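Chemist: model this:
(one chain, ligands or ions: 1)
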Amino acid sequence: MGPINRVQRVGAQAIVGAFLTVATSVAEAEAHIATARHRFWRRAVKMWTDMHTLPETNPLRRGTDRIRKFRRYHRSPLYHVADALKHFDMETLETINPFTLAPWDERVQANVDGQDEPQTEAGGLMQIALSSSARNELVGFGVASEKQPPRNRKLKLKTFSTTLGARAEQNPFSAELAAMAHVLKMVVGIKDYKITLLTSNKAAALTLRNLDDSLARSCKLLGLAKEQARAATQEDALPQERVPRMKSTTLNIARSQAVPSSELPENIGRHAKRVDAALPGKHTRQLYDRLMWKEASVLAQLRTGMARLNGYLNQINVVETDQCDCGQARETVEHFLFRCRKWTAHRTELLECTQTRRGNISFALGGKQSSDDQKWTPNLEAVQASIRFAITTGRLKAT
Ligand SMILES: [Zn+2]
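Modeler: Numbers count the residues shown, from 1 in each chain. Presented below is the predicted three-dimensional model:
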C-alpha cells in the first residue's frame, strides 16, 4: 500500500493543490479519488466472483475450496477475500463458458430502429415478444408469440410466463436473456418462417415512430408479454426451475457489502472534518473542477487548514510565532477569513455573499455542517468570494 499511497497523494495534490503535508486520506477526499484500499477491495471481490464463474475444468475454479479452508500458517492472501465474502453463495453462480465467434460467422440481425425490412415471399410470419419484470423481490419473464401460417390461415396466439428467481440473484437483463434463450429453443426446427423477436427495451422508441398496422400489432404483442412477465413476479410466485445466480448482480451486492467505505480515519483531518462533514463526497468535484490551479490551491489550503498562515506555519516550525501580524490573535483560517482587521477592506464581497451565515467557515468554504440537512449543496458563490478574498490579500502566496 505504501508506494501506491504515495502515488495517490501526488495525484490528489495535482488535482487540488494541497500542501504535501496534508494526510493522504484528506487529500484523496478533497480530490474525490477512491482510496487504494477501496480499489484493492473492489478488484479482489471481482476476482473472487470471476473465479467462481469459470468452468469446472479450470484449475483456479477447482482451487477455491482449498483457498477457503482455514489454515494457521501459510494462509493464502486470497483467504482474506474468501473470508470477507463467506456469506455469499458463490457456488451457485452461473458458469461463463468461453466461446469464439469468428468474424465471418453469421450473427442474428438486430433491428433497433424499427425500419421496415423487405418482405420475404417464403412461408409464414412469426412474431415473438418478450418482456422481463422485477418486483416483489422476484425476477421473471413473459413471452407472447403470434404465428401467421402461410396462405392467410388463422393467426395463432400463445403466451406464457416463467419466474426465474430472487432479485438478489437475478436481474431484468438476465431475465430478458433467459427469455431469448427460451424462445430460441422454441423456434428451432421451424422452417419457412420469417421470425421476428421483439423486446420491450426499445419498444417505447419504436411506438413513437410511424405506427403502422404491423407495429401496432407488435405493441399489442409486447403488451401481452409484459402482462405475462408481471404475472411471473406476483407476490409469492415460486421459481419454476433452479437458475444459476447472475454474476453481475452478485458482484454488485458483494461489493456494496464487502468493500470498505472510504471514510476518513478517526484522528486525521480535524480541521477538514470541521469545515466539511460531508467528506469524502462527490461535492468536492463541484468545488474544484471549475477552478484554476491557483484558486484550487488557495481553497485546498483553507479547507485543509494547512495554509500559509502563522497558525500552521508555526506548527511545522517555519515561523517563530503563531500570532497574526495584527497582534490580536492566533492566525487561524477563521481569523484570516472573518476577523483580521488587516483585511477589512478586502472583505466586502465575502460579507455580502454570506449575509445570513456570516462567520460560518463551512458555508464560506463549500462544506457541510452537521446541522445541514440531506438536501444540502455547497454554495459556490460564497466559495468563489472566499477564494477571491484570499487571493487579493496575497497572504497565502508563497514568498
Ligand atoms: Zn490578524
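
Chemist: the ion contacts on the protein?
Modeler: 324, 326, 340 (Cβ under 5 Å from the ion). Where C-beta positions appear, they are placed from N, C-alpha and C, glycine not excepted.

Chemist: go with 6 Å
Modeler: Contact residues (Cβ under 6 Å from the ion) of the chain with the ion: 324, 326, 328, 331, 335, 340, 342.

Chemist: off-centre distance for the host helix or strand of residue 298?
Modeler: Per DSSP states H and E: residue 298 is located in helix 293-304. On the basis of Cα atoms, centre = their mean, to the nearest Å, helix 293-304 sits 28 Å off its chain's mean C-alpha point.

Chemist: show me what it is packed against.
Modeler: helix 2-16, helix 24-31, helix 270-275, helix 283-289, helix 380-393 (3 or more Cβ pairs under 8 Å, 6 or more residues apart in numbering; DSSP states H and E).

Chemist: let's see 6 Å
Modeler: Using 3 or more Cβ pairs under 6 Å, 6 or more residues apart in numbering; DSSP states H and E, the elements in contact with helix 293-304 are helix 380-393.

Chemist: so which elements touch the helix it packs on?
Modeler: Judged by 3+ Cβ pairs under 6 Å, 6+ apart, the packing partners of helix 380-393 are helix 293-304, helix 348-353, helix 361-364.

Chemist: now the shortest one: average pLDDT?
Modeler: This predicted structure assigns helix 361-364 an average pLDDT of 93.

Chemist: re earlier: what's the least confident stretch among the helices and strands packed on helix 380-393?
Modeler: helix 348-353 (a mean of 84).

Chemist: residues in contact with the residue of the stretch 1-150 of the chain found nearest the ion?
Modeler: Closest to the ion within the stretch 1-150 of the chain is residue 19: 21.1 Å, counting by Cβ to the ion. The contact partners of residue 19, taken as Cβ atoms under 6 Å, 6 or more residues apart in numbering, are residue 306.

Chemist: what does residue 91 give?
Modeler: Contacts of residue 91 were listed using Cβ under 6 Å, 6+ apart, and none were found.

Chemist: tell me the domain ranges of this structure?
Modeler: As given by automatic domain parsing, the domain ranges for the chain are 2-84, 124-243, 270-393.

Chemist: closest to residue 254 out of these?
Modeler: For the domains of the chain, the distance to residue 254 is smallest for domain 2-84, at 5.1 Å, taking Cβ to Cβ.

Chemist: what's the span of that closest one, first residue to last?
Modeler: End-to-end span of domain 2-84 (Cα to Cα, to the nearest Å): 23 Å.

Chemist: relative to the whole chain's centre, how far out is that domain?
Modeler: 17 Å.

Chemist: go on, stretch 178-193?
Modeler: Put simply, stretch 178-193 sits 36 Å off its chain's centre (Cα atoms, centre = their mean).

Chemist: tell me the buried residues in that stretch?
Modeler: By neighbour count with 16 or more other Cβ atoms under 10 Å, stretch 178-193 contains the buried residues 178-180, 183, 186, 193.

Chemist: likewise stretch 235-242?
Modeler: Residues of stretch 235-242 classed as buried: 237, 239 (neighbour count, 16+ other Cβ under 10 Å).

Chemist: and stretch 66-82, by the same measure?
Modeler: Neighbour-count burial for stretch 66-82 flags 67-68, 78-79, 81-82 (criterion: 16+ other Cβ under 10 Å).

Chemist: for the stretch 151-300 of the chain, which spans come out with low pLDDT?
Modeler: 152, 200-217 (pLDDT under 70).

Chemist: circling back: ok, the buried residues of stretch 66-82 vs residue 28, which is closest?
Modeler: Of all those, residue 81 has the smallest distance to residue 28: 22.8 Å, by Cβ to Cβ.

Chemist: let me know the next secondary structure element after the strand or helix carrying the closest one.
Modeler: Under the criterion of DSSP H and E, residue 81 resides in helix 77-84. Using DSSP H and E, the helix or strand that follows helix 77-84 in sequence is strand 124-135.

Chemist: list the contacts of that following strand.
Modeler: Outside strand 124-135, the residues that touch it by Cβ under 6 Å, 6+ apart are 140-150, 167, 172, 175-176, 179, 183, 193-200, 221-222, 225-226, 229-230, 233.
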